[in-house]
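Peer 1: sequence first, predicted coordinates after that:
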Amino acid sequence: MTDTTTAWDVNEFVVAPEEGKTRFHDLELPKALMHAIADLGFRYASPIQSESLPVVLDGDDIVAKAQTGTGKTAAFLISMIDTFLREPIDGKRRTGTPRALILAPTRELVVQIAKDAEDLCKYTRLSVVSIVGGMDYQKQRDDLRQSPCDIMVATPGRLIDFLGQNEINLRKIEVLVLDEADRMLDMGFMPDVRRIVRACPRRELRQTLLFSATFTPQIVELSERWTFEPVRIEIEPEHVTTETVEQIVYITTADTKYQLLKNVIHTRDLHKVMVFANRRDLCRDLVDRLTKDGIDAALLSGEVPQRKRIQTLDRFKEGKTRILVATDVAGRGIHIDGVGHVINYTLPEDAEDYVHRIGRTGRAGAEGTSISFACEDDSFLLPEIEEFIGRKLPCEQAPESLLEGSHGESVA
């Protein structure tokens, strides 16, 4: 759909100026884009958006340190949509030749970014295509061949497959986004990413936006190689964890964790909750036990087929599923509105994953609550987490009322 009528006016989207905050009105974005932003209810830019958008809208490269939950996805999408609306391509275009490429480490994150892009392109003629493994290869190829693509969102492995078949040509890329670069490095995707970057125009001839939760020496080295005179932006983790998310740690035992989980859900009447655990088998067991106890729960892990994962996410987003139990890799980067609580059934072994987990709630300024269970098996991880987020976590013994009904059964 295109915003070709005069039925909507930006003056209908009233956002009062507020000191210290950037309104999207202040960025002089095209009307079609502002209409979509108004529909999504975006009022003020988040810190990563207010710092990065003026830079990126000027055409500069950026290397940004930002966690998920900060609004970075909207930042890079808004900038490229603005560019493409102001600089349309006239004449016939080849299929499979995108103007922008967004690389992300997981299928769920690709699907989410693509949905966000479609929402922001709602009143434009810009097209969005997602390329991911675990989905029908032929259907994705048919979608590619159907019409020219403006914004392509992809996981590295499946994109390499399409490049090898000459179904995709990256020589016309104007904007390259590397999202969660540190996670792509951790997951072993860098050889594929290097091949993909080499298939794009030289760094001087494209705009490159690199986002990473951490600036390790490897990430810094890659950013120097792939970006051209970038502006460096850092949004520290504590902005994500301390300002918008109430954090509680219950000290308990492995034998009483499950009963504690069940009672927390019941006594607080929690809905739309994400529960994180470190192992797939533990996640499976939790879903089975919650379901047997009459609590509607679903599993999100790498072993679940992609189509079913998307259906599971959709049911959770719509409020049809009460509890979503996830592993770190499957849950990272998932954008779901209205997640009021995150429960860490087991503490993450990597302190950075704690930030990503609780970033599922309290997203982009909304308030949320994180409840962590610490027992004899994982409480030793707390000091590292506290050091990483730069604050002490409030710890308390789990109240007896929340342990009632426990008979020494553990799910661990």
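Peer 2: Yes, it's here. Residues are numbered from 1 along each chain as shown.
Peer 1: show me where the stretch 251-400 of the chain dips below the pLDDT cut-off.
Peer 2: 330-334, 362-366 (pLDDT under 70).
Peer 1: mind redoing it with 80?
Peer 2: 302-307, 329-338, 362-367 (pLDDT under 80).
Peer 1: now the helices for the stretch 101-250 of the chain?
Peer 2: For the stretch 101-250 of the chain, helices defined by DSSP state H, counting those that start in this stretch occupy the ranges 107-120, 137-146, 156-164, 181-186, 190-198, 217-226, 237-241.
Peer 1: what about residue 190, neighbour count?
Peer 2: Using other Cβ atoms under 10 Å, residue 190 has 15 other residues around it. For every residue, glycine as well, the C-beta is placed using N, CA and C.
Peer 1: now do the contacts for it.
Peer 2: By Cβ atoms under 8 Å, 6 or more residues apart in numbering, the contact set of residue 190 is 184, 222.
Peer 1: could you give the mean pLDDT of stretch 176-196?
Peer 2: Regarding stretch 176-196, the rounded mean pLDDT is 91.
Peer 1: what's the end-to-end length of that stretch?
Peer 2: End-to-end distance for stretch 176-196: 10 Å, by Cα to Cα, to the nearest Å.
Peer 1: what residues are up against the residue lying closest to residue 279 once chain neighbours are set aside?
Peer 2: Setting aside the residues directly before and after it, residue 279 is nearest to residue 327 in space (Cβ to Cβ, 6 or more residues apart in numbering), at 7.4 Å. By Cβ under 8 Å, 6+ apart, the contact list for residue 327 reads 276, 277, 278, 279, 280, 283, 300, 301, 302.
Peer 1: what about the second one, neighbour count?
Peer 2: Just to be clear, that refers to residue 277. Neighbourhood size, residue 277 [other Cβ under 10 Å]: 26.
Peer 1: for residue 396, same thing?
Peer 2: For residue 396, using other Cβ under 10 Å, the count is 9.
Peer 1: picking that back up, so which of the helices of the stretch 101-250 of the chain comes closest to residue 293?
Peer 2: For those, proximity to residue 293 was assessed by Cβ to Cβ; helix 107-120 is nearest, at 26.9 Å.
Peer 1: what helices or strands is the closest one leaning on?
Peer 2: Contact here means 3 or more Cβ pairs under 8 Å, 6 or more residues apart in numbering; DSSP states H and E; on that basis helix 107-120 packs against helix 31-40, helix 72-86, strand 128-131, strand 151-154, helix 306-317.
Peer 1: residues contacting the residue lying closest to residue 246 once chain neighbours are set aside?
Peer 2: Using Cβ to Cβ, 6+ apart and skipping the chain neighbours, the partner closest in space to residue 246 is residue 369 (4.6 Å). Contacts of residue 369 were listed using Cβ under 8 Å, 6+ apart, and they are 245, 246, 247, 248, 340, 341, 342, 361.
Peer 1: separate out the buried members of those.
Peer 2: 245, 247, 340, 341, 342, 361 (16 or more other Cβ atoms under 10 Å).
Peer 1: right, I'll leave it there.
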